[in-house]
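Trainee: Below is the sequence, then the predicted model.
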Amino acid sequence: MVTVLPHKDLVNLPKDFTLVINTSNPKNHIYSYEILDWMHNSGICLLLNRTAYNLKSMLDNIGFNTNKLYFIDAVSKSIDSKFNLDKTDYLHSYKNLNLILSSIERLSAIPGNRFIIIDSLNHLLMHHDKKTAMSFLDFLNKRLKLLNLNSIYLADFNKLNNEVKNKLSKMSDRIINL
């Protein structure tokens with residue numbers, strides 16, 4: 001396995017944290033999941049640009065442990081995928097922000113779920129106007145803190161406007177560039 005995620009950047013994060021991983025290099029995007037080796041609890045992975053089946057297969061193939069992951073798949077139903085995974089909540093659309101929040105809240109109630117990976121934030125935000133996107137980011141960040149979920153946002157900074165980048169910078173404890 002190739003190590004791309006700079007583990008030194010994970011040292012000294014607060015107990016409750018918000019981490020942003022800039023995945024501007026598409027070749028390294030999958031290696032942002034090395035964070036799973038560092039996390040010792042179960043977690044949730046909100047998928048906005050690929051199916052849960054596809055991601056799980058890729059992670060399994062490169063040796064990442066996916067046994068502690070629950071998935072929120074916002075892609076499979078929209079492309080009429082026939083694959084079905086256990087521990088996966090399938091949404092009809094990632095454009096419906098209320099559906100996403102409901103699913104996060106439902107899965108956060110499962111004992112042991114202590115973090116959420118949001119992959120890829122830029123796909124979610126590009127379907128909403130700037131005002132909605134900024135308000136949703138604020139609300140989501142506050143809601144995740146109330147749910148006691150550490151937040152890990154994967155986002156391609158090349159595809160985000162400057163206001164969103166600034167918002168992510170202000171709300172994060174650390175930004176890692178891959």
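Mentor: That came through, no problem.

Trainee: and residue 19, what helix or strand is that in?
Mentor: Secondary-structure element containing residue 19, defined by DSSP states H and E: strand 18-22.

Trainee: shaky segments in the chain?
Mentor: Confidence mapping of the chain against pLDDT under 70 gives the ranges 1-7.

Trainee: Could you export the strand holding residue 19 as PDB, CA atoms only?
Mentor: Coordinates of each C-alpha in strand 18-22 appear next as PDB, following Å, rounded to 0.1, in the frame of the first residue of the first chain:
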ATOM      1  CA  THR A  18     -13.100  18.800  12.100                       C
ATOM      2  CA  LEU A  19     -10.600  17.800   9.400                       C
ATOM      3  CA  VAL A  20     -10.600  18.900   5.800                       C
ATOM      4  CA  ILE A  21      -8.600  16.900   3.300                       C
ATOM      5  CA  ASN A  22      -8.000  18.700   0.000                       C
END
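
Trainee: on contacts alone, who are the packing partners of it?
Mentor: Secondary-structure packing of strand 18-22 (3 or more C-beta pairs under 8 Å, 6 or more residues apart in numbering; DSSP states H and E): strand 150-155, helix 162-171, strand 174-177. Using the backbone N, CA and C atoms, a C-beta is placed for each residue, glycine as well.
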